[in-house]
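Asks: what follows is a predicted protein model with its sequence.
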Amino acid sequence: MNLPSSFITTILNTYRDDGKRWLAELPALIDEASRRWGLTDITPVENLSYNFVAYANRPSTALRSTQGAVLKIGVPNPELISEMAALRCFDGYGAVHLLEADPERGMCLLERLYPGEMLAALADDDQRTHIAADVMLRLWKPVPVGEPAPQGLPFIKLSDWFAGLDGVRPHFGGGTGPFPQRILEMAEALIPELFATSSPPLLIHGDLHHFNILSSGRGWLAIDPKGVIGPPEYEVGPLLINPIPDFLRGEAAVRQAERRIAILSERLGFAPQRIRDWAICHAILSAWWDIEDSGEGSEYALACAEVYGQVKV
């Protein structure tokens with residue numbers, strides 16, 4: 001099987017021995033999914049990253065023909081399992097439909113969206129921000145009640161993500177490394193306050209931005225949810241530092257940030273200051289993830305944190 005070298009490198013660097021085994025098993029997994037779900041014409045997407053993703057066709061009884069679908073196979077891990085569980089809960093409201101799923105095998109089949117244009121392709125940033133707000137309001141769900149209690153459900157806890165920031169200063173020997181001290185201290189002070197005073201937790205996407213919202217015959221829909229339990233105010237964070245890298249191009253980033261915050265505050269009912277504060281905290285978290293993953297690459301996210309630190313609300 002001819003996989004891009006960049007994809008192979010990403011899988012090996014991320015999953016180590018598990019990734020090596022998974023790459024060896026991938027052709028058999030694709031064959032298994034094809035047999036189980038009647039798939040034909042499997043064509044991998046061009047930009048493979050952390051999962052094998054391919055367009056496919058499957059039988060359509062109603063139309064006596066075939067219909068498009070998207071096959072997704074990944075190394076079984078909590079994030080992938082959480083994604084499938086979230087899509088099942090969203091049930092197509094504000095998100096792509098989950099057609100089939102086998103979490104243990106790391107495989108799922110998704111509705112293919114047509115025309116499938118990314119929100120990033122729109123030129124009008126106000127329009128993009130309004131569309132994203134529409135998707136958020138359709139998407140968010142109360143925390144599902146599971147058996148056993150909700151803590152047994154396979155979703156990611158936002159508090160666990162932010163607890164990871166406790167590793168920043170030890171990582172840099174007590175210092176702040178590339179993190180501007182003022183911005184890091186601001187985030188460290190804001191995070192406990194934001195969690196203590198935010199809206200009750202909901203099931204949210206967790207990575208909703210301009211590349212994860214696509215056009216379809218059912219309107220604009222989200223793909224690739226993380227499946228996060230946390231305050232809905234956090235959902236604005238990934239949106240506000242995207243699209244990468246275009247958000248920081250030009251000299252109007254602060255004005256654009258202020259305009260976005262005004263729109264989201266009006267549409268979602270969140271105070272502008274809280275939206276700004278979540279944007280800062282998410283940018284710091286994103287920078288830390290970059291450092292954890294590769295030891296570098298945090299410059300963009302830190303620059304976004306600086307932009308939102310200048311926003312007047």
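Replies: Structure received. Residues are numbered from 1 along each chain as shown.
Asks: strands of the stretch 51-200 of the chain, start to end?
Replies: Per DSSP state E, counting those that start in this stretch, the stretch 51-200 of the chain carries strands over the ranges 52-60, 65-73, 98-102, 107-111, 115-118, 141-142, 156-157.
Asks: now those as TSV including distance to Leu87?
Replies: Just so you know, the C-beta spots here come from the backbone N, C-alpha and C atoms, and that holds for glycine as well. Shown next, in TSV, are the strands of the stretch 51-200 of the chain (distance: least, Cβ to Cβ, whole Å):
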stretch	distance to Leu87
strand 52-60	14
strand 65-73	10
strand 98-102	4
strand 107-111	8
strand 115-118	17
strand 141-142	11
strand 156-157	14
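Asks: in CSV, list the ones you listed along with mean neighbour count and distance to Leu202.
Replies: Converted to CSV, those look like this (neighbours: other Cβ atoms under 10 Å; distance: least, Cβ to Cβ, whole Å):
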stretch, mean neighbour count, distance to Leu202
strand 52-60, 18, 27
strand 65-73, 19, 24
strand 98-102, 18, 19
strand 107-111, 23, 22
strand 115-118, 13, 25
strand 141-142, 12, 6
strand 156-157, 17, 12
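Asks: nearest to Ser286, out of those strands?
Replies: Relative to Ser286, the nearest member of these by Cβ to Cβ is strand 156-157, separated by 15.2 Å.
Asks: partner strands of the closest one, parallel or antiparallel?
Replies: Paired neighbours of strand 156-157 in the sheet (DSSP bridges): strand 228-230 (parallel).
Asks: C-terminal to the partner strand, which secondary structure element comes first?
Replies: helix 236-240 (DSSP states H and E).
Asks: who's in contact with that following helix?
Replies: 129, 132, 206-210, 257, 260-261, 264, 268, 270, 275, 278-279, 281-283, 285-286, 304, 308 (Cβ atoms under 8 Å, 6 or more residues apart in numbering).
Asks: among those residues, which lie within helices?
Replies: Applying DSSP state H to the contacts of helix 236-240, the entries found in helices are 129, 132, 257, 260-261, 264, 268, 275, 278-279, 281-283, 285-286, 304, 308.
Asks: just the buried residues of these.
Replies: Taking 16 or more other Cβ atoms under 10 Å as the criterion, what is buried in those is 129, 132, 257, 260-261, 264, 268, 275, 278-279, 281-283, 285-286, 304, 308.
Asks: look at the nearest residue to Ser6 once chain neighbours are set aside and say how many residues are nearby.
Replies: Sequence neighbours aside, Leu48 is the residue nearest to Ser6 in space, at 7.9 Å (criterion: Cβ to Cβ, 6 or more residues apart in numbering). Other residues lying near Leu48 total 17 when counted by other Cβ atoms under 10 Å.
Asks: before we move on, what about Arg138?
Replies: Around Arg138 there are 17 residues (other Cβ under 10 Å).
Asks: name the nearest residue to it, ignoring sequence neighbours.
Replies: Per Cβ to Cβ, 6+ apart, closest to Arg138 is Gly94, 3.3 Å.
Asks: repeat for Ile131
Replies: Here the residue nearest Ile131, using Cβ to Cβ, 6+ apart, is Trp220, at 5.0 Å.
Asks: for the one you found, list the residues it contacts.
Replies: If a contact means Cβ under 8 Å, 6+ apart, then Trp220 has Leu119, Ile131, Asp134, Val135, Ile213, Leu214 as its contacts.
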